[in-house]
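S.K.: Build me a model from this:
(one chain, ligands or ions: 2)
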Amino acid sequence: MTRETKGLRLTNTLTRAKEDFFPIDASNVRMYVCGPTVYDFAHIGNARPVIVFDVLYRLLRHLYGADHVTYVRNITDVDDKINARALRDFGDDIAAGKLTLNEAIRRVTEKTADQFHKDVKALGCLPPTFEPRATEFVLARPDGKTDMVSLIQSLIERGHAYEAAGEVLFDTASMPDYGQLSKRPLDEQQAGARVAVDTHKKNPQDFVLWKLSSPEEPGWDSPWGQEAWTAAGWTGKPKGRPGWHIECSAMSAAYLGEVFDIHGGGLDLIFPHHENEIAQSRCAHGTSVMANYWLHNGFLQVEGQKMSKSLGNFFTIHELLETENFGGREWSGEVLRLAMLMTHYREPIDFAVRKLEEAENTLRKWKRAADLAEGSAAVPDEVIAELCDDLSTYSAFQVLTQLAGEALEGDKAAAASLRGALEFLGFDVSAEVDKAAVDEAIAARLAFIRDKNWGEADRIRDELLARGVQLKDGKDPASGERITTWEVKR
Ligand SMILES: Nc1ncnc2c1ncn2[C@@H]1O[C@H](COP(=O)(O)OP(=O)(O)OP(=O)(O)O)[C@@H](O)[C@H]1O
Ligand SMILES: [Zn+2]
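M.R.: Ligands and ions are numbered 1, 2, ... in the order given. Take a look at the predicted model:
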């Protein structure tokens, strides 16, 4: 086997070291990133892994060729939090027999997934190659792709899982190097097992692969738990649903094979989620690794604390882009993207309005400089070199700032390189519209119209048109007041 490096170095959580990246197969570099649980709008903390791994995806495509990288990011659409949300939002309809719980769940997950797609598009992220949904990988599939029930079956057959009280549990004692990723000593794992020490577990750190559903809960035909089902007084065949971790083991194997290159997610996923994914995948397939490189992004924090749904200290991506809830104004997706990437992905970010303002000013300057280009050049090697050093986005941005300086002094080649770099990094160089400035101009124009100063009003309209912004005048149907909307025309 030839081990060819393209200069990419990544910090690997498995070894806690920065390592040269060698793909298993340079003609198909494979990466899996844990995606959102779709019961609520994504907050800007959730946006961080999406943006960070989008940069890595773009870099891998640059190094190995766009057709030689497979990026899988799943959607978790089976979870008890989703069930709870469906009951909260559609409880009356379910009680009235208008919707089944499963239909209500589908409404919740589809609406949330649609919003997530809109959000990440606004953040300048490329869609992953595959975006599988967990519910489609529970039972054996006609196309033979790996599914959760078959994986659990293999784990039982290989002596790594056992059935108890209607559940199937992973037997952590059956894996001598369980805990290899998080490197938590065993006694700490036990103390950290927040779940009340369930008597049916052989060891407190054993985790659920499959659990019984009640007849009302969402569930699939279950190969396990008949006894517990009948004991609960329910008739017929048992129904069950997967635990959280098994879905990623199934979907990664389905698209990337038993061993693949990169697995990513936020720091909070190291334990227990990724540890347990590794245990399941390695023990089911009999392999010594699941993925060779494990990458974890640091937290986006508010006043020193992780932004999280449970703490309630969060702003959704949607809120930031479409409302004035954060800092009293709307922000563009690419300003958020840049603000996020100004900090190295492994470091914490303390999120504040000031960060967004700084990003906005920088982006404005870069774009003004890039506008001087007569075309677009390839992304400069210096930018790639910085990104190859464990995704040093901040250093890459210093190269962009230097190019911008040169471009503003009349260097056309620098302007073209800058434009190429911005395009590569996912910033939209073609449509620079400062929303706040447009709104201000429209308000000024309406004031001129009220004063019947048609000349000034037309001047503003033409000026905006020259910047690619076309105004449309109309009347508000309710109040009859004059309103102006706008769109970008190029
Ligand atoms: N504050 C944060 N900063 C960076 N990444 C985060 C942050 N919060 C969540 N993530 C990452 O976002 C992804 C999706 O997270 P997930 O759907 O598990 O919900 P969550 O937002 O972490 O839940 P909660 O906020 O209640 O802790 C994961 O990769 C996770 O590591
Ligand atoms: Zn996962």
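S.K.: In this model Asp428 seems to touch Leu363, though I could be wrong.
M.R.: No. Leu363 is not in contact with Asp428 according to C-beta atoms under 8 Å; the separation is 10.1 Å. In this view, the C-beta of every residue, glycine as well, is placed from N, C-alpha and C.
S.K.: which of the two has more neighbours?
M.R.: A count of neighbours by other C-beta atoms under 10 Å puts Leu363 above the other of Leu363 and Asp428, at 20 against 14.
S.K.: mind checking how far the nearest residue to Glu322 once chain neighbours are set aside is from Phe315?
M.R.: Computed as C-beta to C-beta, 6 or more residues apart in numbering, the closest residue to Glu322 that is not its neighbour in sequence is Glu330, at 6.4 Å. Counting by C-beta to C-beta, to the nearest Å, the gap from Glu330 to Phe315 is 12 Å.
S.K.: now do Leu123
M.R.: Counting by C-beta to C-beta - Leu123 and Phe315 are separated by 14 Å.
S.K.: between these two, who's got more neighbours?
M.R.: The neighbour comparison of Leu123 against Phe315 (other C-beta under 10 Å) goes to Leu123, with 22 against 18.
S.K.: wait, what's in contact with the residue lying closest to the more buried one once chain neighbours are set aside?
M.R.: With sequence-adjacent residues excluded and distances taken as C-beta to C-beta, 6+ apart, Leu123 is closest to Gly333, at 4.6 Å. Listed by C-beta atoms under 8 Å, 6 or more residues apart in numbering, the contact set of Gly333 reads 119, 121-124, 321.
S.K.: Let's see that with 10 Å instead.
M.R.: By C-beta atoms under 10 Å, 6 or more residues apart in numbering, the residues touching Gly333 are 47, 51, 118-125, 317, 320-321, 426-428.
S.K.: Repeat that for Arg9.
M.R.: So Arg9 contacts 17-21, 388-392 (C-beta under 10 Å, 6+ apart).
S.K.: cool, Asp411 as well?
M.R.: Taking C-beta under 10 Å, 6+ apart, one finds 369, 372-373, 403, 405, 417-418 in contact with Asp411.
S.K.: ok, those residues vs His285, which is closest?
M.R.: Using C-beta to C-beta, Ser417 comes nearest to His285 of the contacts of Asp411, at 45.2 Å.
S.K.: The closest one and Val379 touch, don't they?
M.R.: Yes. At 7.7 Å, Ser417 and Val379 qualify as touching, with contact defined as C-beta atoms under 10 Å.
S.K.: Now do the phi/psi pair for Val78.
M.R.: phi -130, psi 120 (degrees, to the nearest 10).
S.K.: Could you measure from it over to Ile246?
M.R.: Distance from Val78 to Ile246, by C-beta to C-beta: 10 Å.
S.K.: Spit out the residues that contact Leu123 and Phe315 alike.
M.R.: Ile44.
S.K.: For the contacts of Arg9, pick the one with the most neighbours.
M.R.: Busiest of those [other C-beta under 10 Å] is Leu391, holding 25 neighbours.
S.K.: sorry, back to before: next, show the common contact partners of Val78 and Ile246.
M.R.: Contacts common to Val78 and Ile246, judged by C-beta under 10 Å, 6+ apart, are 134, 137-138, 148.
S.K.: Same list, those residues, but as TSV with secondary structure please.
M.R.: Formatted as TSV, those follow (DSSP: H, G, I helix; E, B strand; the rest coil):
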residue	secondary structure
Ala134	helix
Phe137	helix
Val138	coil
Met148	helix
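S.K.: Which of these are buried? Put it as a PyMOL command.
M.R.: Applying 16 or more other C-beta atoms under 10 Å to the shared contacts of Val78 and Ile246, the buried members can be selected in PyMOL as follows:
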select buried, resi 134+137+138+148
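S.K.: after the helix or strand where Glu19 lies comes which helix or strand?
M.R.: Counting by DSSP states H and E, the element that carries Glu19 is strand 17-20. Downstream of strand 17-20, the next assigned helix or strand under DSSP H and E is strand 29-33.
S.K.: What pairs with that next one, parallel or antiparallel?
M.R.: strand 69-73 (parallel), strand 260-266 (parallel) (DSSP bridges).
S.K.: so which of the ones you listed gets nearest His62?
M.R.: Using C-beta to C-beta, the strands paired with strand 29-33 put strand 69-73 closest to His62, at 9.5 Å.
S.K.: Could you list the low-confidence segments of the stretch 51-200 of the chain?
M.R.: 185-198 (pLDDT under 70).
S.K.: Around ligand 2, which positions in it sit nearby?
M.R.: Within the stretch 51-200 of the chain, not a single residue sits near ligand 2 (C-beta under 5 Å from the ion).
S.K.: wait, what's in contact with Cys125?
M.R.: Cys125 neighbours (C-beta under 10 Å, 6+ apart): 47, 50-51, 53-55, 57-58, 73, 117, 119, 333, 337, 426.
S.K.: now do 6 Å
M.R.: 50, 54 (C-beta atoms under 6 Å, 6 or more residues apart in numbering).
S.K.: Just the local confidence number for the residue of the stretch 201-350 of the chain found nearest ligand 1, please.
M.R.: Per C-beta to the nearest ligand atom, Gly266 is where the stretch 201-350 of the chain lies closest to ligand 1, at 1.8 Å. Looking at Gly266, its pLDDT reads 97.
S.K.: Hmm, it is touching Asn297, no?
M.R.: Yes. At 5.4 Å, Gly266 and Asn297 qualify as touching, with contact defined as C-beta atoms under 6 Å.
S.K.: who has more neighbours, the two?
M.R.: Asn297 (28 against 20).
S.K.: quick one, what contacts that one?
M.R.: Taking C-beta under 6 Å, 6+ apart as the test, what Asn297 contacts is 48-49, 52, 266, 345.
S.K.: Restrict those to the buried ones and give me that as a ChimeraX selection.
M.R.: Selection of buried members from the contacts of Asn297 for ChimeraX, criterion 16+ other C-beta under 10 Å:
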select :48,49,52,266,345
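S.K.: Can you list which of the contacts of Asn297 are found in helices?
M.R.: Secondary structure from DSSP state H places 48-49, 52 of those in helices.
S.K.: export those to a markdown table and tack on distance to Asn102?
M.R.: Shown next, in a markdown table, are the ones in helices among the contacts of Asn297 (distance: C-beta to C-beta, whole Å):
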| residue | distance to Asn102 |
| --- | --- |
| Arg48 | 32 |
| Pro49 | 29 |
| Val52 | 34 |
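S.K.: Please tabulate those in TSV, including the columns distance to ligand 1.
M.R.: Listed next are those as TSV, based on distance: C-beta to the nearest ligand atom, whole Å:
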residue	distance to ligand 1
Arg48	4
Pro49	4
Val52	9
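S.K.: Looking at those, spot the one nearest Glu303.
M.R.: The closest of the ones in helices among the contacts of Asn297, once distances to Glu303 are taken by C-beta to C-beta, is Arg48, at 16.9 Å.
S.K.: May I ask you to confirm that the closest one is in contact with Leu300?
M.R.: Yes. Contact criterion C-beta under 6 Å: Arg48 and Leu300 qualify, at 5.1 Å.
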